[in-house]
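**Student:** quick one, structure for this:
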Amino acid sequence: MQDRRLKYVLILPAALLVLGTTIWPLAVSLVTSFRDWRLTRSLTPGPFIGPEHYVTALTDDPDFANALQVTASFVAIDVALTVVCALGLALLLRRAGVLHSLTRAVLILPFAVSPALVGISFRFMFNAEMGVFTWLAGAVVPWLQGYVWLADPVAALLVLVFSDAWRWVPYMTLVVLGGLSALPKEPEEAARIDCASEWQVFRDVTLPALMPVLAVVAILKTVFALKMFDQVVTLTGGGPGQSTVTLAYLVYSIAFRWYDMGYASAVAWILTAMLVFLAVWYMKLILRKPGGA
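**Tutor:** Numbering: from 1, shown residues only. Next up is the predicted model:
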């Protein structure tokens, strides 16, 4: 009996920590999303107004619609670029060797860099006057010399994608490498014996077998891309105009620039619902038994 009670006593501090730092704030924000609470009018929550904030966000808010479009564009480009680059690098590093082992060890370093610091670094590197990427682009394409990347809506979004992909590609490469190392070698060897080219081996044997791993990588990257915030703050500031305002940055702006805590909570819960859906999908993929439906 004492042993049974002891396990609950030992888990109590962690449970209280989760309750105080996660469950309680989530519950409060959910309740707040159904209130009319502007800090410019009152420091205490206002009256309940039902799902009005959610209806406004989904039907009558151009800022939310813009942020949703920007986030969708960012996620689509970012995930595609990350998965393709990670797959390509993993295939290059698949062979054994001292250099390849050293490269695998170095690959994790970009992921250790703070996202905010990545944004600041890329802001300097894409500076129109002294940025190294601007100089390199101008050396290859002369008319890009001195180009103000962050003043162009499309270019600013692509720079944001590039900065996030730079940080995530190495980590995802290691994940894909793990998937490649787990694949049986016999099917590939049999295909080569049948005179299949390397491209045919990859297309018909390796890629189909690797698709579950790539699906997990894509969903996991989608979850993190949907939460893009740090680099928006330090790299583009949501500009030019609203061309790089993501949903996470919109929540921040509504809450701490416009001081509408009720509406900010509603938008945050819409984003949370999207993340929960993807997280459940991700868990189903990684827990699915081989050969299952």
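
**Student:** in the stretch 101-250 of the chain, which spans are strands?
**Tutor:** In the stretch 101-250 of the chain, no segments count as strands under DSSP state E, counting those that start in this stretch.

**Student:** Arg95 belongs to a helix?
**Tutor:** No: assessed with DSSP: H, G, I helix; E, B strand; the rest coil, Arg95 is coil; it does not lie in a helix.

**Student:** neighbours around it, how many?
**Tutor:** Neighbour count for Arg95, taken as other Cβ atoms under 10 Å: 8. Placement of C-beta: from N, CA and C, glycine included.

**Student:** pLDDT value on the closest residue in space to Phe202 that isn't next to it in sequence, please?
**Tutor:** Distance criterion Cβ to Cβ, 6 or more residues apart in numbering; nearest residue to Phe202, sequence neighbours excluded, is Leu91 at 7.4 Å. On pLDDT, Leu91 comes in at 89.

**Student:** and the one helix or strand Leu91 maps to, how far out from the chain's middle?
**Tutor:** According to DSSP states H and E, Leu91 maps onto helix 62-92. Put simply, helix 62-92 sits 8 Å off its chain's centre (Cα atoms, centre = their mean, to the nearest Å).

**Student:** may I see the buried residues of it?
**Tutor:** 64, 67-68, 70-71, 73-75, 77-79, 81-83, 85-87, 89-91 (16 or more other Cβ atoms under 10 Å).

**Student:** on that earlier part again, any idea how far Gly179 is from the residue nearest to Phe202?
**Tutor:** Look at Leu91 and Gly179: by Cβ to Cβ, to the nearest Å, they are 11 Å apart.

**Student:** just Ser243 next, same as before
**Tutor:** Applying Cβ to Cβ to Ser243 and Gly179 gives a distance of 36 Å.

**Student:** ditto for Ala72
**Tutor:** 27 Å.

**Student:** Ile120: how many residues sit nearby?
**Tutor:** 15.

**Student:** tell me the confidence at it?
**Tutor:** On the pLDDT scale, Ile120 gets 95.
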